[in-house]
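Asker: Have a look at this prediction, sequence included:
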Amino acid sequence: MQRYLCLVFEKKFAVLIVFSLICSLLYIQAFSIGFLSDDYGFLWQAKEFGWRAFEHNFNDPFFIPFSHVIAMSLYSLVGDNALIFHVLQLLIHVLIGWQLYLFLKEYLNTSNEFAKIAFLSGLFFLIFPYQTEAVLWLSSKSYGYSLFFGLLCIRQFFKYYDSKKNSYLLLCSIFLICSITTKEFGYLLPLIIALLLWNKGKLSFKPIPIFIFLIIIISSIAIRWIVLSDWIGGYGAGVHINLSVIAWHYSAYIVKFFTHIRYSDDSMIFFYGMSGLTLISFGSLLISIIKKQKVRKNALVTLSLFILSLLPVISLEISSLRSIESDRYSYWASIIVCTSLAVAINKLPKTQSNVLSILWGIIFISLTYVTAQNWGKANQVKENYLNTLERLPENNLLIINTPDNFNGAYVLRNGVNDYLKFKETGKRATQIDFQTFTKVNGGIAYLKHNIFEDKNGASYYYKNPKLQSLKNIEKDALPFNMYDAVYYFNEGKFFKIEKP
């Protein structure tokens, strides 16, 4: 059995088949989920403007043109066929795990021992429970694209470094451009390559690749400035360069990855169990770090890579500590975590290593399967909401309690009006409150005695950014004259609020 598994570890296309089968089953939700939340913003613009949407950057605060090229190309071919979009995103995830396996085989060694590390690293990355947002939410596609092209860039650079063939450097440069123009993480690649070279004792001054990398980065930043009128896009410099939260956020990511506290209940039994399992798994590696200088160097590089891989998003919110919301931010960093776990397990005696490999695999698959269900249920909530909304008789609507997320899986935080425009319904909806769902026909608030209360009697008060004078949602304060009708959504249904 051991010999057979070693043969599988060595056969790259056999590994690709295994990875594909596992992900197809684990992320089976991908074949039934439609579009969610921000997805409709792209669809409406693709339908309305076509390729001319590039003239206004798809109204995107980020500069990710190649990501939009891929999406527009797919839309031009298949229209709004959500299945094809999801299949591509799942395929990219599989290919990332496979590219990680191929790179580690090349970088570490060609022996069976290192082939096992490469295989486990790729497998753990694919089944890691914090990947569902990046895999199942189409609007997070850029994280996968950028990481995929990033791994290709790194592999081609090392082939160039070893062979001195300029064709590899050309491919490396192309993939660097692709990674940068699909997500800003791509700017990290030259630093990542330098760290990996230093770890192998190969770091030296190479003027040609350094010059090419500088030209690519400077040109990209210049174009970004022209398009966005700012060198930092997205949420703005005030958010992205908020230094006061960096230490806390790095600590939170460590707790998230190594204790899996999100999945623990109030008793914290799972938290303590997973923390203990992590210590057992990393025990031998930690001792080696203390005793061996070479291992300390490897650990320093690993820590540096972990810090780098979170740097573009470290100032953003860390809700993913307790929720699947924003898990996409740590998609790059999860490679470092999963590879570290595979290396640590491989340091243990063979029997313990095999047992822990199986145990971690079972835990990751179980947690990922449970997490992925939320995206399927989020799609059910979305379908019910939008289908019912389309059938409402009025056109200009004020809607209270729009589904925001289902246990962290986005439903319609954005995109309601984009959907209505995409479907050419002639309707327009203003939302002044959003709610979290914990069951498909759930909802947390309902109208009682002219104010909204939850089922435990606590009142809900909302400040509405669109209607400055509305501070409390009270029936006699709702702006009925501005809309054809006012509805609130609860228990899977729309309820009309009559003018007092």
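Answerer: The structure has been received and is ready for your questions. Numbering: from 1, shown residues only.
Asker: Excluding sequence neighbours, find me the nearest residue to residue 245.
Answerer: Excluding the flanking residues, the one nearest residue 245 by C-beta to C-beta, 6 or more residues apart in numbering is residue 315, at 6.0 Å. Yep, even glycine has a C-beta here, placed from its N, CA and C like the rest.
Asker: So that neighbour: helix, strand or coil?
Answerer: Here residue 315 is recorded as coil under DSSP: H, G, I helix; E, B strand; the rest coil.
Asker: Regarding the closest residue to residue 80 other than its chain neighbours, what is its secondary structure?
Answerer: Nearest residue to residue 80, sequence neighbours excluded (C-beta to C-beta, 6+ apart): residue 43, at 5.7 Å. For residue 43, the secondary-structure state derived from three-state DSSP is helix.
Asker: Pretty sure residue 43 sits against residue 422.
Answerer: Yes: contact criterion C-beta atoms under 8 Å: residue 43 and residue 422 qualify, at 5.0 Å.
Asker: how many neighbours does the residue lying closest to residue 305 once chain neighbours are set aside have?
Answerer: Excluding the flanking residues, the one nearest residue 305 by C-beta to C-beta, 6+ apart is residue 336, at 5.1 Å. Other residues near residue 336 come to 23 when the count uses other C-beta atoms under 10 Å.
Asker: ok, back up a step: which of residue 43 and residue 422 has more residues huddled nearby?
Answerer: Taking other C-beta under 10 Å, residue 43 and residue 422 do not tie; residue 43 has more neighbours (24 against 21).
Asker: Next one, pLDDT for the more buried one please.
Answerer: Residue 43 is assigned a pLDDT of 94 by the prediction.
Asker: residues contacting it?
Answerer: By C-beta atoms under 8 Å, 6 or more residues apart in numbering, the contact set of residue 43 is 35, 75, 80, 418-419, 422.
Asker: Type out the ChimeraX command that picks the buried ones from those residues.
Answerer: A single ChimeraX command is used to select the members of those judged buried by 16 or more other C-beta atoms under 10 Å:
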select :35,75,80,418,419,422
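Asker: among the contacts of residue 43, which are in helices?
Answerer: Among the contacts of residue 43, the ones falling in helices (DSSP state H) are 75, 418-419, 422.
Asker: Show me the two of those that sit farthest apart.
Answerer: 75 and 419 (15.4 Å; C-beta to C-beta).
Asker: before we move on, the earlier item: out of the contacts of residue 43, which is nearest to residue 402?
Answerer: Set against residue 402, the nearest of these by C-beta to C-beta is residue 419 (11.5 Å).
Asker: so what's that closest one scoring on pLDDT?
Answerer: On the pLDDT scale, residue 419 gets 94.
Asker: distance of it from residue 210?
Answerer: Separation of residue 419 from residue 210 (C-beta to C-beta, to the nearest Å): 47 Å.
Asker: Can you show me the strands along this protein?
Answerer: Using DSSP state E, the strands of the chain run over residues 396-400, 402-406, 409-410, 428-431, 434-437, 446-448, 451-453, 485-490, 493-496.
Asker: Reformat the ones you listed as TSV; add mean neighbour count and distance to residue 360.
Answerer: What follows is the strands of the chain, written out as TSV (neighbours: other C-beta atoms under 10 Å; distance: least, C-beta to C-beta, whole Å):
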stretch	mean neighbour count	distance to residue 360
strand 396-400	21	44
strand 402-406	23	27
strand 409-410	27	24
strand 428-431	18	42
strand 434-437	19	30
strand 446-448	15	43
strand 451-453	18	45
strand 485-490	22	41
strand 493-496	14	43
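Asker: Can you check which of those strands gets nearest to residue 354?
Answerer: Residue 354 sits nearest to strand 409-410 of all these, at 34.3 Å, using C-beta to C-beta.
Asker: For the closest one, enumerate the helices and strands it packs against.
Answerer: helix 132-136, helix 350-391 (3 or more C-beta pairs under 8 Å, 6 or more residues apart in numbering; DSSP states H and E).
Asker: so how far does stretch 183-203 reach from one end to the other?
Answerer: Stretch 183-203 has its terminal residues 27 Å apart, counting by C-alpha to C-alpha, to the nearest Å.
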